[in-house]
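Visitor: Got a predicted model here, sequence first, then my questions.
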Amino acid sequence: MKKNIIFICIHNSARSQMAEAYMKMYYGDEFNCYSAGLEQGKLNPIVIDAMKDDNIDISTNKSKLVNKFLDGKIIFDYIITVCDESSAEKCPYFPGKGKRIHIGFKDPSSLIGSYKEKLQDTIKIRDEIREKIKSLNSYLNSQTL
C-alpha cells in the first residue's frame, strides 16, 4: 500500500511544487504525493521554467491551500515542510499523526536580479531539492512511524 506524503510551504508556488514533482518522478510507485501552502499563491513562472529545464512540466499545476487537506480524508504518513526558517519564514503547522520532517530551501520568490539571474538561482534551488528528494526515500524507509 502506498504511503501518503505532503510537502508544505507558505504559498505552494515553488519549493513544495518542485518537491512534489520530484517525489512523484522518483517514488510515485511508493508514495501518493501532495503539496500545499498556508496562503493562496500562484505558481512561480520562473519555477515552471526551471523545471522545464529538467524536462518536468508543472505548468498546469495549481497552488493548493493546506485547508484542502484538513478534512481527514487523506491520512499523511509524512508531513514535510520546505520553508526557509533562516529567512524568518514561518513554516505552517499541519495537524495529523504523520512523521514531521523539515528540509528548508531558499524561497525563489525572494530572489533579486534579472530574469536570467533569477532563473540560474532557481535552478540551483531546484537542484538542491532534487538531490534531497533522491535521498529522501532511503531516509524515510529507515524511520518508524
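Guide: Arrived safely.

Visitor: switch to C-alpha atoms for all contacts and neighbour counts from now on
Guide: Noted.

Visitor: Against which helices or strands is the helix ranked longest in the chain packed?
Guide: Longest helix in the chain by number of residues (criterion: DSSP state H): helix 115-141. Counting contacts by 3 or more Cα pairs under 8 Å, 6 or more residues apart in numbering; DSSP states H and E, helix 115-141 is packed against helix 15-27, helix 45-52.

Visitor: Following the longest one in sequence, what is the next regular element?
Guide: Looking back up the chat, that one is helix 15-27. strand 31-37 (DSSP states H and E).

Visitor: now that next one, how far from the chain's geometric center?
Guide: Remark: strand 31-37 is offset 8 Å from the chain centroid, using Cα atoms, centre = their mean, to the nearest Å.

Visitor: all numbers from here: first residue = 32
Guide: All right, first residue 32 from here; so that's strand 62-68.

Visitor: which residues does the residue most central in space within the chain contact?
Guide: Nearest residue to the geometric centre of the chain (Cα atoms, centre = their mean): residue 47, 1.8 Å. Applying Cα atoms under 8 Å, 6 or more residues apart in numbering, we find residue 47 in contact with 38-40, 66-68, 112-113.

Visitor: would you turn those into TSV with distance to residue 60 and pLDDT?
Guide: Output for the contacts of residue 47, formatted as TSV (distance: Cα to Cα, whole Å; pLDDT from 0 to 100):
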residue	distance to residue 60	pLDDT
38	17	96
39	21	93
40	24	91
66	17	96
67	21	94
68	24	91
112	22	92
113	22	93
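
Visitor: Let's have these in JSON lines, adding distance to residue 158 and neighbour count.
Guide: Converted to JSON lines, the contacts of residue 47 look like this (distance: Cα to Cα, whole Å; neighbours: other Cα atoms under 10 Å):
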{"residue": "38", "distance to residue 158": "17", "neighbour count": "27"}
{"residue": "39", "distance to residue 158": "18", "neighbour count": "30"}
{"residue": "40", "distance to residue 158": "18", "neighbour count": "30"}
{"residue": "66", "distance to residue 158": "18", "neighbour count": "27"}
{"residue": "67", "distance to residue 158": "20", "neighbour count": "28"}
{"residue": "68", "distance to residue 158": "21", "neighbour count": "25"}
{"residue": "112", "distance to residue 158": "17", "neighbour count": "27"}
{"residue": "113", "distance to residue 158": "14", "neighbour count": "25"}
